[in-house]
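**Student:** the following block contains a protein sequence and its predicted model.
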Amino acid sequence: SGKWARTLAILKEFEEKCGTPISKLKQVADAMTVEMHAGLASEGGSKLKMIISYVDNLPTGWDVSVVEHCHILISELFVLGIKHDEKGLFYALDLGGTNFRVLRVQLGGKESRVVKQEFEEVSIPPHLMTGSSDALFDYIASALAKFVATESEGLHVSPGRQRELGFTFSFPVRQTSISSGTLIKWTKGFSIDDTVGQDVVGELTKAMERVGLDMRVAALVNDTIGTLAGGRYNNPDVVAAVILGTGTNAAYVERAHAIPKWHGLLPKSGDMVINMEWGNFRSSHLPLTEYDQELDADSLNPGEQIFEKMISGMYLGEIVRRVLYKMAEEAEFFGDTVPPKLKIPFILRTPHMSAMHHDTSPDLKVVATKLKDILEISNTSLKMRKVIVELCDIVATRGARLSAAGIVGILKKLGRDIVKDGEKLKSVVALDGGLYEHYTKFRTCMENTLTELLGDEVSDNIVIEHSNDGSGIGATLLAACHSQYI
Ligand code: ADP
Ligand code: MG
């Protein structure tokens, strides 16, 4: 019928607008490299903030030993454990999306590294994501206090010693020291005005005092930096870290002399860790559709985080919902009325989308079940369910291929996208985040696209490594490195 033809036309048009042929991905990768240069050249020089991790904010007068200390952090993290044989229990708090995690990690010597770890995951009630700063941090501090209270025989701090915490905070922060930084803006569904411009460690510390928890924040870490640090702890060839979770971001090791906006001492290692905040990347080469534009306009942060809104876990399901809504409205895809649930923003989460996308049953019963459970839509035909799987595929494929292009942009910046005179320089990229970890088709597509973009010869030297909880481990490592007891 005409309605079915209209549905297919909407799908087809969407697919065309989402197209990511290799030529386009190369333009995206090039644009990423260009923006990286611009962001490193001057403050505010690009949509990419290219934040120099705390090392850039050494107050004048910091002595060489501090620089050396940071150098140790960046390039020789793995030796750290040696110093912590007896007193190696550290806490980490990981706040990055809808959940936060509290961890305690026993760091061992060089051989044993992470001896033992325990963690707990706590969800954040949605009203706290847009409420007041005190309410959010009180909630986090009390969850942390409860976790601390469960310290057992095997895993506890030495008597009389203050507990120390690495705080992984995965939002854009202007770092002012290793253990302080001001929030530039919220992303990923958070919007709490009174935190912006505040020191987030100060906010957490005050909340810990309010709930009676005696703990010192030894390090404030972005999740990408934590993943990079944690990745390096295990593998010195790690050059970059990428997070694909609720949001997306990347960090990498830059040569200090390639950072024109850096006016401080050159670290001995010559290296500097950069938090790109690539979620805010934007380029005319990005295949933006009307649905993306509307999603952006209706978001808590219009005009910002455009790359993130095309790629990351918070948004993929929502893009699918928006296209389905259009099909329902303009082509009566689900009958002559629009199913009421389909009107609710963010009701279709990316894990649901992923489950439908991976449905291998001949009659697509997972799709049928999800439609019924989430959207209260029943009586769908197999033909309709196939359209929905196709839609999931279009959205996931675009996100995965753009992620690959972003990684190529970083490798290009480092000159590691080519083989130099047969030199076998290995580059490892540490990947983490729920989207990468659980959305198999997304991950596979991203990895295949990377090979497609780099070619077989270069790809042989590029390794994508899942850094399982690198960010939590990284935060504890950084806390250990800045412990008051060491
Ligand atoms: P965060 O990014 O919030 O720190 P995670 O790295 O755990 O936390 O990522 C969580 C995100 O990963 C979820 O918001 C969701 O978008 C995505 N995700 C989790 N599970 C799945 C899944 N099974 N399929 C697809 N995406 C998933
Ligand atoms: Mg995270």
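**Tutor:** All right, it came through fine. Ligands and ions are numbered 1, 2, ... in the order given.

**Student:** show the contacting residues for whatever residue of the chain ends up closest to ligand 2.
**Tutor:** Using CB to the ion, the closest approach of the chain to ligand 2 is made by Gly96 at 3.3 Å. Where C-beta positions appear, they are placed from N, C-alpha and C, glycine not excepted. Neighbour list for Gly96: 168-171, 188, 223, 243, 245-247, 471 [criterion: CB atoms under 8 Å, 6 or more residues apart in numbering].

**Student:** ok, which of these also contact ligand 1?
**Tutor:** With CB under 6 Å from any ligand atom as the criterion, the contacts of Gly96 include 170, 245-247 near ligand 1.

**Student:** just the buried ones from the residues you listed, in ChimeraX syntax?
**Tutor:** Filtering the ones next to ligand 1 among the contacts of Gly96 down to the buried ones (16 or more other CB atoms under 10 Å) takes a single ChimeraX command:
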select :170,245,246,247
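
**Student:** rebuild the ones next to ligand 1 among the contacts of Gly96 as TSV, extending it with pLDDT, secondary structure and distance to Asp432.
**Tutor:** Formatted as TSV, the ones next to ligand 1 among the contacts of Gly96 follow (pLDDT from 0 to 100; DSSP: H, G, I helix; E, B strand; the rest coil; distance: CB to CB, whole Å):
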residue	pLDDT	secondary structure	distance to Asp432
Ser170	95	coil	11
Gly245	96	coil	7
Thr246	96	coil	12
Gly247	97	coil	12
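
**Student:** around ligand 1, pick out the residues from the stretch 101-250 of the chain.
**Tutor:** 170, 245-247.

**Student:** out of the residues you listed, who's nearest Val105?
**Tutor:** The closest of those to Val105 turns out to be Ser170 (CB to CB; 18.3 Å).

**Student:** next up, phi/psi of the closest one, please.
**Tutor:** phi -100, psi 60 (degrees, to the nearest 10).

**Student:** Phe346 against Leu316, yeah?
**Tutor:** No: Phe346 lies out of contact with Leu316 (CB atoms under 8 Å); the separation is 11.1 Å.

**Student:** which of these two has more residues huddled nearby?
**Tutor:** Leu316 (28 against 14; other CB atoms under 10 Å).

**Student:** pull the CA atoms of stretch 278-291 into PDB?
**Tutor:** C-alpha atoms of stretch 278-291 as PDB (Å, rounded to 0.1, in the frame of the first residue of the first chain):
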ATOM      1  CA  TRP A 278      35.900  14.700  21.500                       C
ATOM      2  CA  GLY A 279      32.200  14.400  22.200                       C
ATOM      3  CA  ASN A 280      32.000  18.000  21.300                       C
ATOM      4  CA  PHE A 281      33.600  17.500  17.900                       C
ATOM      5  CA  ARG A 282      31.600  18.800  15.000                       C
ATOM      6  CA  SER A 283      32.300  19.000  11.300                       C
ATOM      7  CA  SER A 284      30.400  19.700   8.100                       C
ATOM      8  CA  HIS A 285      31.400  16.300   7.000                       C
ATOM      9  CA  LEU A 286      29.400  14.600   9.700                       C
ATOM     10  CA  PRO A 287      26.300  13.000   8.200                       C
ATOM     11  CA  LEU A 288      23.700  14.900  10.300                       C
ATOM     12  CA  THR A 289      20.000  14.200   9.600                       C
ATOM     13  CA  GLU A 290      16.900  16.100  10.600                       C
ATOM     14  CA  TYR A 291      16.400  13.600  13.400                       C
END
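
**Student:** next, count neighbours for Ala297.
**Tutor:** The criterion is other CB under 10 Å. On that basis, Ala297 has 9 neighbouring residues.

**Student:** which SSE is immediately downstream of the least confident helix or strand in the chain by mean pLDDT?
**Tutor:** Here the helix or strand of the chain ranked lowest by mean pLDDT, DSSP states H and E is helix 64-75, holding a mean of 35. Using DSSP states H and E, the helix or strand that follows helix 64-75 towards the C-terminus is strand 89-95.

**Student:** mean confidence score for that following strand?
**Tutor:** Per-region confidence: strand 89-95 scores 91 on mean pLDDT.

**Student:** that strand pairs with which strands, and in what direction?
**Tutor:** strand 99-107 (antiparallel), strand 163-169 (parallel) (DSSP bridges).

**Student:** most tightly packed of the ones you listed?
**Tutor:** Most buried of the strands paired with strand 89-95 by mean neighbour count (mean count of other CB atoms under 10 Å) is strand 163-169; its value is a mean of 26.
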